[in-house]
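>>> with the sequence up front, the predicted model follows.
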Amino acid sequence: MSRWLIALLFVSVTAHAAPGEPRDDDSAQLLVNRGLITQLREARHAVAERTSDFVREARQNVAEKTSDLVVTAMGFLGVPYRFGGNNAETGFDCSGFVRAIYSQTVGKMLPRRAEEQAQVAQHIDRNELKPGDLVFFNTMRRAFSHVGIYVGEGKFIHAPRTGASVRVESMQTAYWARRFDGARRVEGAEGADTATAALSMAASAQQ
């Protein structure tokens, strides 16, 4: 067979091949890439599902801790005020009451005095208040001289003064509204802060 006939046959075969048709090795690589993409999508979906469960669990943990704190505080309604008091047997003063509640429910030991508690907690705006946060008042002509625990709906629980007992009051009443000195959120509380950190990590993982 002449060289010209061989060349003509070669041109005829190549002319009938679809332009751009991948070779066998290209097709194999394409299938591999598609498989990897599918695996990546499946893995991402699984991670997203696990992250969502993690976020829900963390939020539930925060809610439970907050609920425990408020419920525990409510359990001491009627305990008499006692200056320097730290327990239900002898009575509470305002900061002793707050300190006892945080110690019993979230394992966080706060300083003894109200102004010291304000210093170690995170400042928040009044409109950011959530149950379990601390609210401070100027009742002795000095900042942060009184403290209570916010329970929601504009109310707080506290040990008010000599002759009174632990009770819930509204922050909207004229006396407390005039003396409101700021709000704080306790950081580092066992359980609650762990869940808050988990929420942050989970949110970052979802981005």
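Great, that's in hand.
>>> mind listing what the nearest residue to residue 120 once chain neighbours are set aside touches?
In space, and not counting its chain neighbours, residue 120 is closest to residue 111: 6.1 Å by C-beta to C-beta, 6 or more residues apart in numbering. Any C-beta I mention is one placed from the backbone N, CA and C, and that applies to glycine too. Applying C-beta atoms under 8 Å, 6 or more residues apart in numbering, one finds that residue 111 lies in contact with 99, 117, 119-120.
>>> any of those residues buried? List them.
Taking 16 or more other C-beta atoms under 10 Å as the criterion, what is buried in these is 99, 117.
>>> in this protein, which spans are helices?
3-16, 24-74, 94-106, 114-120, 174-179, 192-206 (DSSP state H).
>>> about what we covered before: need the max-distance pair from the contacts of residue 111.
99 and 119 (14.0 Å; C-beta to C-beta).
>>> just the CA coordinates for stretch 98-116, please, in PDB.
This file holds the C-alpha atoms of stretch 98-116, laid out as PDB (Å, rounded to 0.1, in the frame of the first residue of the first chain):
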ATOM      1  CA  VAL A  98     -25.800  36.500  93.900                       C
ATOM      2  CA  ARG A  99     -22.600  34.800  94.900                       C
ATOM      3  CA  ALA A 100     -24.400  31.800  96.400                       C
ATOM      4  CA  ILE A 101     -26.600  31.300  93.300                       C
ATOM      5  CA  TYR A 102     -23.800  31.400  90.800                       C
ATOM      6  CA  SER A 103     -21.700  29.100  92.900                       C
ATOM      7  CA  GLN A 104     -24.500  26.500  93.300                       C
ATOM      8  CA  THR A 105     -25.800  26.500  89.700                       C
ATOM      9  CA  VAL A 106     -22.800  27.200  87.400                       C
ATOM     10  CA  GLY A 107     -19.800  26.600  89.600                       C
ATOM     11  CA  LYS A 108     -18.600  30.200  89.300                       C
ATOM     12  CA  MET A 109     -17.300  31.800  92.400                       C
ATOM     13  CA  LEU A 110     -17.900  35.600  92.200                       C
ATOM     14  CA  PRO A 111     -16.200  38.200  94.400                       C
ATOM     15  CA  ARG A 112     -17.900  39.000  97.600                       C
ATOM     16  CA  ARG A 113     -18.900  42.700  97.100                       C
ATOM     17  CA  ALA A 114     -21.300  44.000  94.500                       C
ATOM     18  CA  GLU A 115     -18.900  46.500  93.000                       C
ATOM     19  CA  GLU A 116     -16.300  43.800  92.700                       C
END
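>>> and that stretch, which residues are buried?
Judged by neighbour count (16+ other C-beta under 10 Å), stretch 98-116 contains these buried residues: 98-102, 105-106, 108, 110, 113-115.
>>> same deal with stretch 129-147?
129, 131-137, 139, 144-147.
>>> can you put these in JSON lines and add distance to residue 156 and pLDDT?
Shown next, in JSON lines, are the buried residues of stretch 129-147 (distance: C-beta to C-beta, whole Å; pLDDT from 0 to 100):
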{"residue": "129", "distance to residue 156": "9", "pLDDT": "96"}
{"residue": "131", "distance to residue 156": "10", "pLDDT": "95"}
{"residue": "132", "distance to residue 156": "11", "pLDDT": "95"}
{"residue": "133", "distance to residue 156": "9", "pLDDT": "96"}
{"residue": "134", "distance to residue 156": "9", "pLDDT": "98"}
{"residue": "135", "distance to residue 156": "5", "pLDDT": "98"}
{"residue": "136", "distance to residue 156": "10", "pLDDT": "98"}
{"residue": "137", "distance to residue 156": "9", "pLDDT": "98"}
{"residue": "139", "distance to residue 156": "13", "pLDDT": "96"}
{"residue": "144", "distance to residue 156": "14", "pLDDT": "97"}
{"residue": "145", "distance to residue 156": "15", "pLDDT": "97"}
{"residue": "146", "distance to residue 156": "10", "pLDDT": "98"}
{"residue": "147", "distance to residue 156": "9", "pLDDT": "98"}
